[in-house]
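Undergrad: Got a sequence here, can you build the structure:
(2 chains)
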Number of protein chains: 2
Amino acid sequence: MALSKKPVNGMKDIMPDEMKIRDYLIDLIKKTYREFGFTPMETPVVEHLANLTSKQGGDNEKLIFKILKRGEKLKIEEAKTDNDLSDSGLRYDLTVPLVRYYSNHMNDLPKPFKALQIGPVFRADRPQRGRFRQFYQCDIDILGEPSNIAEIELILATTKLLSRVGFDGFTVIINDRRLLKGMAAFCGFPEESYDQVFVELDKMDKIGMDGVKEGLTELGFEPAAIEKLGWLFAELAQKEDQVGWLKETLSGCMDDNAADSLAFIMKNVGELSTGFRLKFDPTLVRGMSYYTGTIFEIQIDGLNASCGGGGRYDKMVGKFTNIETPAVGFSIGFERIITILMEQGFKVPGEEGATAFLLEKNMPAERMTEIMKEAQALREDGKRVLVSVMNKNKKFQKEQLAKEGYTEFKEFFVR
Amino acid sequence: MALSKKPVNGMKDIMPDEMKIRDYLIDLIKKTYREFGFTPMETPVVEHLANLTSKQGGDNEKLIFKILKRGEKLKIEEAKTDNDLSDSGLRYDLTVPLVRYYSNHMNDLPKPFKALQIGPVFRADRPQRGRFRQFYQCDIDILGEPSNIAEIELILATTKLLSRVGFDGFTVIINDRRLLKGMAAFCGFPEESYDQVFVELDKMDKIGMDGVKEGLTELGFEPAAIEKLGWLFAELAQKEDQVGWLKETLSGCMDDNAADSLAFIMKNVGELSTGFRLKFDPTLVRGMSYYTGTIFEIQIDGLNASCGGGGRYDKMVGKFTNIETPAVGFSIGFERIITILMEQGFKVPGEEGATAFLLEKNMPAERMTEIMKEAQALREDGKRVLVSVMNKNKKFQKEQLAKEGYTEFKEFFVR
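TA: Numbers count the residues shown, from 1 in each chain, chains lettered A, B, ... in the order given. Predicted structure coming up:
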């Protein structure tokens, strides 16, 4: 087989310029989240296929890279489908592995456990501009904390990080899955179709209420339920205290606690905000069906897309352990932030001011030792020093090195 | 399928204690290698199977985790072997992906290119204590530098790093593949069997010259060649300037440049050593057959195993590009260093002195805001602050938190 120079289809080599920004961002993430008491941890890139296909991952479960069984376990002749050939695969997110990890090590971990995980995930998506089949996720999660301290801490930590990255205009959008369900129940949609209703509702900001109504009608829902939804949103739009009004209106269709917890989080985060905006949005849905309570999303001004999100998923740990464990997580859009920084021409602090030693060819050993000692002394002071042979085209070499941050040059000739 | 709490067979969850040490070591690596002008870069975890099985990887090629083809490309009924079902796999080292990367981006990279790559690699080895199927490698490589500056820089950077990690007694062992070939030619072994001879020679430190002779005899080599090898090593042992003597003795069987380059590197590194020892060892072989020149290895005092190694592989880039490009690399034993630090009970600096706020349950919103503001102010000063609900068993909670580095506690009650 011929050797291939390109990466495998849909994956990406990371060039030095981008890598510097990635390293810088990862450092900033670790520093910031550490201040909030999050603890770094790591799971293998490879996960049991049974865990990956347990209906936690939504459409991502269709995008799994599966790993071929090995040795005697691989029975090609008897295989009917790809699941006969594989029992593990590459993780498509960090949440499923985190929950497996927590379930496995629960007794050795602090309670609550505040986890920070950064690493590559894999999805066999159709390759397209700016989206790759291997990409990094960066998640913080709090497991074993039932109170809303968890949501408040996650929002404060994430917004602090984004401020430090240099974003100053952004909005935290918040909602609660229980409130969504309360609205659907109040309008009279059948419980088994809630997820379908939410998918339509999620389009509100793009297609407006008329579009949502049309979509629901096409799906064959009762006109009465659709009308009531329209009424609910029309009324809601005129209210000052929307969460309070919903608590009252949906009473009987929803646990009071849902609205109270939302109000509690919003009051606290509102007071503690360091410049960002906080907005309740009853049409925020978030794709993953595993969410059970609060959900949130971050939008950066001027960008027509989310730059992170998360929510409460109190039922997932129980699927592994049979012990219900509260859990909330927030994932920032790591790759999106990198893209934005690259487009802004972001310069990593401290990259400038390095020294390049350029040596004429065939430097004798004694002289070389002297030169290397000089480099050693500079490095001892923490300076960045490159020692390299002088190219024929010295001018071009220096120009190239200048791009890498080498601003001082010292030339050495064979005496 | 039932959910599994354990990681997939042979892989490992990384617990917070170990993760802190890993993060610390990675920071130290990046800082140190940066001072030497190495540039971080990254390749995807998934690589073309054609590249992985191009006879660069020796036995590792038998240990590849292969990824199942997808969609129309997967033809289970027609498949005879696993290679019909897969065209990509998980990388087993960082060298093959680096060379592909360099070949792909040569025109956009500085010359010479000093690469730093840290990341997970995968080998389906038989699971055993302390060895896992996913583990980290950490490589520095210099591509496009023909002179011995490359070897010297690699050795200085690696030893500087190991000193900073806290190892003070270690030895850099050095040899040259060309010298090994020269010895084999001088003794009269047939050229096609050199690798077999080297495998036996490599056992010298364990089984002695008599054992090596026995092994070679069993393999059916000429007694005259075996005797000459014995003579060569007996003579060599008595020489002061071993490399110089070999240059003279093997003259005609070996390029003079091999001994000269070894002497040049040894003189320089010897003078520049910051405490470590440097030793020429004519029985050092290093497993990978892609090495073409200098090879080296690091041994830590008191450990009966290598803690890193590398060498020159001037032919590999040419297989991708048809343009010969000099290349040298050094890989430290990342996982081994972590194991040693864990066993030593290494404490990451700066982990102590954090504050934990413990809050009575059901804190009202106003009071919560006050508390969070206090935490915010401390964090603003760079302090690590955990805000958590007070557990029923407060004493146990504090003991647990103390293990995590929380030494100050502040309790808050509902007034």
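Undergrad: So which elements touch the helix or strand hosting A:Ser261?
TA: Here A:Ser261, judged by DSSP states H and E, is contained in helix A:256-272. In terms of contacts (3 or more Cβ pairs under 8 Å, 6 or more residues apart in numbering or on different chains; DSSP states H and E), helix A:256-272 is packed against helix A:149-165, strand A:170-176, helix A:177-187, helix A:242-249, strand A:277-280, strand A:294-300, helix B:365-380. For every residue, glycine as well, the C-beta is placed using N, CA and C.
Undergrad: For the closest residue to A:Asp281 other than its chain neighbours, the count of nearby residues, please.
TA: Distances taken as Cβ to Cβ, 6 or more residues apart in numbering or on different chains place A:Ile173 nearest to A:Asp281, at 4.7 Å, with adjacent residues excluded. A:Ile173 sits with 19 neighbouring residues when counted by other Cβ atoms under 10 Å in any protein chain shown.
Undergrad: Wait, A:Ile173 touches A:Gln299, no?
TA: Yes. The pair A:Ile173 and A:Gln299 passes the contact test of Cβ atoms under 8 Å, sitting 6.4 Å apart.
Undergrad: where does the stretch 151-300 of chain A come near chain B, residue by residue?
TA: Within the stretch 151-300 of chain A, the positions near chain B by Cβ under 8 Å from any Cβ of the partner chain are A:152-153, A:156, A:160, A:263-264, A:267-268, A:271-272, A:274.
Undergrad: Next one: the closest residue to A:Asp168 other than its chain neighbours relative to chain B, how far apart?
TA: Among residues not flanking A:Asp168 along the chain, A:Gly275 sits closest, at 6.3 Å (Cβ to Cβ, 6+ apart). Per Cβ to the nearest Cβ, to the nearest Å, A:Gly275 is found 13 Å from chain B.
Undergrad: go on, A:Arg123?
TA: A:Arg123 sits at a distance of 11 Å from chain B (criterion: Cβ to the nearest Cβ).
Undergrad: doesn't A:Lys62 make contact with that residue?
TA: No. Using Cβ under 8 Å, A:Arg123 makes no contact with A:Lys62, being 9.3 Å away.
Undergrad: would you turn the helices and strands packed on helix A:256-272 into CSV with mean pLDDT?
TA: Below are these laid out as CSV (pLDDT from 0 to 100):
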stretch, mean pLDDT
helix A:149-165, 95
strand A:170-176, 95
helix A:177-187, 96
helix A:242-249, 96
strand A:277-280, 94
strand A:294-300, 95
helix B:365-380, 93
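Undergrad: Could I get the full set of helices for the stretch 51-200 of chain A?
TA: Ranges of helices within the stretch 51-200 of chain A are A:95-105, A:149-165, A:177-187, A:194-201, based on DSSP state H, counting those that start in this stretch.
Undergrad: Tabulate these in TSV, adding columns for mean neighbour count and distance to A:Pro112.
TA: Shown next, in TSV, are the helices of the stretch 51-200 of chain A (neighbours: other Cβ atoms under 10 Å in any protein chain shown; distance: least, Cβ to Cβ, whole Å):
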stretch	mean neighbour count	distance to A:Pro112
helix A:95-105	24	11
helix A:149-165	23	7
helix A:177-187	22	21
helix A:194-201	19	29
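Undergrad: Minimum distance to A:Ala234: which of these has it?
TA: Set against A:Ala234 and scored by Cβ to Cβ, these come closest in helix A:177-187, at 12.8 Å.
Undergrad: ok, the residue nearest to A:Asp168 - how many residues close by?
TA: A:Gly275: 10 surrounding residues under other Cβ under 10 Å.
Undergrad: Likewise for A:Arg70?
TA: 13.
Undergrad: I'd guessed it sits against B:Ala124; true?
TA: Yes. Counting by Cβ under 8 Å, B:Ala124 is a contact partner of A:Arg70 at 5.7 Å.
Undergrad: can you list residues touching both of those two?
TA: Contact criterion Cβ atoms under 8 Å, 6 or more residues apart in numbering or on different chains; residues shared by A:Arg70 and B:Ala124: B:Phe65.
Undergrad: in the lowest-mean-pLDDT helix or strand in chain A, what's buried?
TA: Using mean pLDDT, DSSP states H and E, helix A:394-403 stands out as the lowest-scoring helix or strand of chain A, at a mean of 90. Across helix A:394-403, burial judged by 16 or more other Cβ atoms under 10 Å in any protein chain shown covers A:397-398, A:400-401.
Undergrad: top helix in chain A by residue count?
TA: The helix spanning the most residues in chain A, taking DSSP state H as the definition, is helix A:16-35.
Undergrad: Report all helices and strands that the next helix or strand after it contacts.
TA: Toward the C-terminal end, the helix or strand that comes next after helix A:16-35 (DSSP H and E) is strand A:39-40. Counting contacts by 3+ Cβ pairs under 8 Å, 6+ apart, strand A:39-40 is packed against strand A:113-122, helix B:16-35.
Undergrad: Measure how far strand A:39-40 is from the centre of its chain, please.
TA: Distance of strand A:39-40 from its chain centroid, counting by Cα atoms, centre = their mean, to the nearest Å, is 16 Å.
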